[in-house]
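Colleague: coordinates for the following, if possible.
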Amino acid sequence: MQDLQKTKRNLPRSKLPSTPPPSICSSPLPTEMLRKDLKSEENLVHLSILNIDPTSPDALTVYKGTNKFVNVDFNSLDINFNLQTWVVILDFFGIGSGDQASHTASPSRVEAASHQATEIDIKVKSLSVCFNRAEMDLFKATVLNYTSKIILKDGNFEIEGQLGNFCIKDLTNYGILYRDRFLCRGEQILNFKIFKYGAEDEELVRDFDISVDLKMAAITYVHTQRFFSLLMDFFTQFQQLQETMNSFRVSSQRRNHSVGFKPPEHGTGRGSRIKLDVEASSPLLVLPMSSSSTHVLMVDLGFLEIHNGFKFAGDEGTISASKLSTLKSGELGGRRSRAQSGSRSSQRSRSSARSMDRASRRSARSAGRGMSSDEDFNIPPLKIVPSHKCLLDVMNISLRAMDLSGAERLSAFTSEEERQLSDVEVGSCLLRKQVKPLLKDKCELKLQIERNLDKGFSHNVPDLSIKGLLSKVHAVVDVEQYKLIRGFLAFNLGEPMDNLNEEIDIIGQTPPADTEVLWTTTFMDIELQNVTVDLVEQHCILPD
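Modeller: Here you go, the predicted model:
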């Protein structure tokens, strides 16, 4: 036995592994490895990552040039979304960052980056995102049964997916009565596809910068101008922070020894060209008289279609005329209040109006001059650049089979015995339709809305131009309904609000130095064809 053990110790050790060689087989397909549900209902997340060698023979044939496949399967997830924090997080993962490095990186790095492609599959059974600022919660979005596929390739961003249920809640002090602002009626609410180019296109060679394709089912939206402005300001600040991160990256690459950077200058950029293709069936629009009123207007939009294109001001089919910028503030309804609206109305805005010296205006009025001309306010003529043609986002909106009625908000705890068949449940409240209708028959509304994408540096045309055609409408309005409509225009759409961006300076931008320039912010032209309005004291009394 000892001789045998001695013989084994003297044998030369083989350099090959003692295990048998692996069998030859092809790499697993991404669908085989990634398409898996949660291993257990108790798990929070299941993560799978597959890296592909670019030199592999299957890299192009099987994986179609994609270097990395990531599968994220969440069970239930709650997120607090703070602007500054999430801009840094998304930038770390390369989501939302522009392809700015290609301007300064070496050719080898640019070529290597151009061959990188990542595919991310995300599946979430329940997702709740609370959007907040440092001092308060703003709104909360809840998503159920969300699935999407994200493709990051050549600096571009593409996402396609669907979600089963979606809800947005207003968490501010103005959302006590109408907490639920956006919710769906059904199991499958939305199919979406969004594509965003990473590189800039200053010469407008491409057809668009971002494309959005939405197919929505039955949805309900409760609109107040204050909450809508809050949403727009929040995501505008988010986009500005992303631009600041991109500027920081470019400046750090150009000057490696520098510790500072200059954020984008205020109001110098062109707006993104967002190509829209939106369809929604049976959307319901709820319009409260105000955030604190129980009286609402219910608009059944029937079928909604939104399509758009991009043109320059003055091109055929546009309604934004350059001559509007030459009008003085007293013309074209320039001194209308926010509560006033109608055909061919416009509003003018003074940037940083708080910086005006009110004492000088009072002294000017006390000098004995009237108030019927612009000279009373020492308003200089508008500074325009006639040679510049503003780029416009021209949206065409079609509403078919639209109906309008009044309603009253009731508590969601109303007993089943007191409920009626015509009651509509909207989240945390109940809406009871009025027996007296506003419209005798359903109508059709067509709108053309133009946004000035160059409003950051040019006001040759209004920031927003609206032209509409309302046809074949017969409305019967009593005193209470007239008060409701007037109240909605005055206290909802016309609610005076401070600019939220003036209160919080999140990226160190300085406002424009010239605070005396006036421009047209909104121009509206509504054409009425075959429209009849009967004004009655009570609905039982009809005009002869």
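Colleague: pLDDT below threshold where in the stretch 301-450 of the chain?
Modeller: For the stretch 301-450 of the chain, applying pLDDT under 70 flags the ranges 321-386.
Colleague: strands of that one, residue ranges please.
Modeller: Remark: strands assigned in the stretch 301-450 of the chain by DSSP state E, counting those that start in this stretch are 303-312, 345-350, 391-411, 424-426, 429-433, 443-452.
Colleague: rebuild those as CSV, extending it with distance to Asp209 and mean neighbour count.
Modeller: Quick note: C-beta positions are derived from backbone N, CA and C, even for glycine. Rendered in CSV, the data for the strands of the stretch 301-450 of the chain read as follows (distance: least, C-beta to C-beta, whole Å; neighbours: other C-beta atoms under 10 Å):
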stretch, distance to Asp209, mean neighbour count
strand 303-312, 10, 16
strand 345-350, 26, 18
strand 391-411, 11, 18
strand 424-426, 35, 18
strand 429-433, 39, 19
strand 443-452, 14, 19
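Colleague: for Phe228, find the nearest of those strands.
Modeller: Nearest to Phe228, of all these, is strand 443-452, at 14.6 Å by C-beta to C-beta.
Colleague: got the contact list for Glu444?
Modeller: Contacts here follow C-beta atoms under 8 Å, 6 or more residues apart in numbering; on that basis Glu444 touches Ser398, Leu399, Arg400, Ala401, Met402, Leu470, Ser471, Lys472.
Colleague: now Arg419
Modeller: Leu430.
Colleague: tell me how far it lies from Leu231.
Modeller: 32 Å (C-beta to C-beta, to the nearest Å).
Colleague: returning to what we had before: now tabulate the strands of the stretch 301-450 of the chain in CSV and tack on distance to Gly494.
Modeller: Formatted as CSV, these follow (distance: least, C-beta to C-beta, whole Å):
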stretch, distance to Gly494
strand 303-312, 24
strand 345-350, 10
strand 391-411, 19
strand 424-426, 23
strand 429-433, 23
strand 443-452, 19
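Colleague: mind checking which of those strands is nearest Asp277?
Modeller: Smallest distance to Asp277 across the strands of the stretch 301-450 of the chain (C-beta to C-beta): 6.1 Å, for strand 303-312.
Colleague: pull the longest helix from the protein.
Modeller: Using DSSP state H, we find that the single longest helix of the chain is helix 225-254.
Colleague: for it, packing partners?
Modeller: Counting contacts by 3 or more C-beta pairs under 8 Å, 6 or more residues apart in numbering; DSSP states H and E, helix 225-254 is packed against helix 83-92, strand 137-153, helix 500-503.
Colleague: Asn460 is nearest to which of these?
Modeller: Nearest of the helices and strands packed on helix 225-254 (C-beta to C-beta): helix 500-503, 23.4 Å.
Colleague: residues contacting the closest residue to Asn51 other than its chain neighbours?
Modeller: Counting by C-beta to C-beta, 6 or more residues apart in numbering, Asn51 lies nearest to Lys68, which is 5.5 Å off, once chain neighbours are set aside. The neighbourhood of Lys68, defined by C-beta under 8 Å, 6+ apart, consists of Ile49, Leu50, Asn51, Ile52, Ala117, Thr118, Glu119.
Colleague: tell me the bridge partners for Cys184.
Modeller: Note on Cys184: beta-bridge partners Ile219, judged by DSSP bridges.
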